[in-house]
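J.: Quick one, what's the 3D model for this:
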Amino acid sequence: MNCYCGNQQPFEECCDLIISGVNVAVSPEQIMRSRYSAYATKNAAYIYQTYASSSKKEQSIQEIQSWAEETQWLKLTIKHSDYIKNIDNSVDKELLLPTVEFCALYIHNKTFYQMSEVSRFTLENHQWRYADGDIAEHIEISHPKRNEPCLCQSNKKFKHCCSSKLA
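T.: Now for the predicted structure:
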């Protein structure tokens, strides 16, 4: 199975290496993808750990876990990432907070939703952390008819894909 984050490699060779601490995220986009995969695998501890220090006080592992348990993440699309590195591989300090713009499709309470956000990231102790984000769009999506293509773009008919997740 390909990674939850949308990369075309197995989860165990992609985001799981970052979530488990074997590898470190080298860019805001990589930490964003690993956080999405952590939501998909219901790993609240990792999600909490990847918040910036200034944002952690507004979060709790229990609330994150509860949300993760009630939600099924279906698809992540990265729209834009503005992370800039200098020629010597250092991070561009002139850029206030690097951002990643993404769109996520998920099911909550048997309803499809699409959320778009511009997330901001910061470096803390040489590790990328999620600072905060601005939700650009958060809408309910009506599910397709049985024989229509699935919303998650699996190239399967809805009845053979995500319709089972609504049961």
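J.: Compute the number of surrounding residues for the residue nearest to residue 79 when sequence neighbours are not counted.
T.: Nearest residue to residue 79, sequence neighbours excluded (CB to CB, 6 or more residues apart in numbering): residue 101, at 4.3 Å. Just so you know, the C-beta spots here come from the backbone N, C-alpha and C atoms, and that holds for glycine as well. If you count neighbours by other CB atoms under 10 Å, residue 101 ends up with 18.
J.: wait, what's in contact with residue 101?
T.: The contact partners of residue 101, by CB atoms under 8 Å, 6 or more residues apart in numbering, come to 78-81, 116-119, 136.
J.: what sits opposite the nearest residue to residue 72 once chain neighbours are set aside in the beta ladder?
T.: The shortest distance from residue 72 to any non-neighbouring residue, by CB to CB, 6+ apart, is to residue 107 (4.5 Å). Listed by DSSP bridges, the beta-bridge partners for residue 107 are residue 72, residue 112.
J.: Equivalent analysis for residue 138, please.
T.: When bridges are called by DSSP bridges, residue 138 pairs up with residue 115.
J.: Okay, it and residue 145: tell me how far apart.
T.: 24 Å (CB to CB, to the nearest Å).
J.: what do you get for residue 21?
T.: To residue 145, residue 21 is 44 Å away according to CB to CB.
J.: in terms of contact, does the residue nearest to residue 72 touch residue 75 like I think?
T.: No. Residue 107 is beyond contact range of residue 75, at 10.8 Å (criterion: CB atoms under 8 Å).
J.: In stretch 100-115, which residues are buried?
T.: Residues of stretch 100-115 classed as buried: 100-102, 104-107, 112-114 (neighbour count, 16 or more other CB atoms under 10 Å).
J.: how far does it sit from the chain's center?
T.: Distance of stretch 100-115 from the chain centroid (CA atoms, centre = their mean, to the nearest Å) equals 10 Å.
J.: likewise stretch 126-146?
T.: 8 Å.
J.: Can you tell me which residue is spatially central in the protein?
T.: Nearest to the mean C-alpha position of the chain, counting by CA atoms, centre = their mean, stands residue 36 at 2.4 Å.
J.: That one: what's its closest spatial neighbour, skipping adjacent residues?
T.: Leaving aside its sequence neighbours, residue 36 sits nearest to residue 76 (CB to CB, 6+ apart; 4.7 Å).
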